[in-house]
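Q: Everything below, folded, please.
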Amino acid sequence: MMKSCKLPWLVSLVLLIAVLAMGYMFMLRGNVVASNDSRTAIVVTADERDLLLAEMRGFLEAIQEITEAIGDGDMETAANSARAVGAAAAQGVPVALMGKLPLEFKTLGLSTHTLFDELAMNAMDMGDENIMITSVGTLLQNCTSCHAGYKIIAETPIN
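A: A predicted model of the protein is given here:
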């Protein structure tokens, strides 16, 4: 009787370990490989790479628009540009792609989207150009940290 009770527990334990290992690989570690330039290479499909790079270009375009708007004293345009790449813009990222991204990368990306939302609120609530420029500097620190630490590579398709 004792022997038959141990088997279900053993199977459950093995399954739990497998689930935890998969969770670690896909939610925390992501699909990464070592890179020859000291950055972490995140391996994604070509389409996923295009999506990530388009999002990054969107950040850069928003920074340019915000900086120009601050110089013109146009806080409404600054707020609209920031809001366009805020947290709401991150909602459309496919789950499969999110599983390939390491936790630190996801955290940095979410922080960047949130900083854009904060910048939009500051533009509308305070309109203080000095605070806005400081916020842009903080955003650029995120961009620099990301590009210094990661690169996105497309997996080689199997033929």
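Q: in this protein, which spans are helices?
A: In the chain, the segments counted as helices under DSSP state H are 2-23, 46-72, 75-84, 95-100, 103-125, 129-149.
Q: can you give me the angle the longest one makes with helix 129-149?
A: Compare the direction of helix 46-72 with that of helix 129-149 by axes from the mean of the first three to the mean of the last three Cα atoms, to 10 degrees and you get 160 degrees.
Q: Remind me what helix 46-72 packs against, helices and strands.
A: Using 3 or more Cβ pairs under 8 Å, 6 or more residues apart in numbering; DSSP states H and E, the elements in contact with helix 46-72 are helix 75-84, helix 95-100, helix 103-125, helix 129-149, strand 150-154. C-beta: built from backbone N, CA, C; applies to glycine.
Q: What residues sit buried inside the third one?
A: In other words, helix 103-125. 104-106, 108-109, 112-113, 115-117, 119-120, 122-123 (16 or more other Cβ atoms under 10 Å).
Q: repeat for the first one
A: Of the residues in helix 75-84, those scored as buried under the neighbour-count criterion (16+ other Cβ under 10 Å) are 75, 77-83.
Q: And the second one, by the same measure?
A: Taking 16+ other Cβ under 10 Å as the neighbour-count basis, helix 95-100 is seen to contain the buried residues 97, 100.
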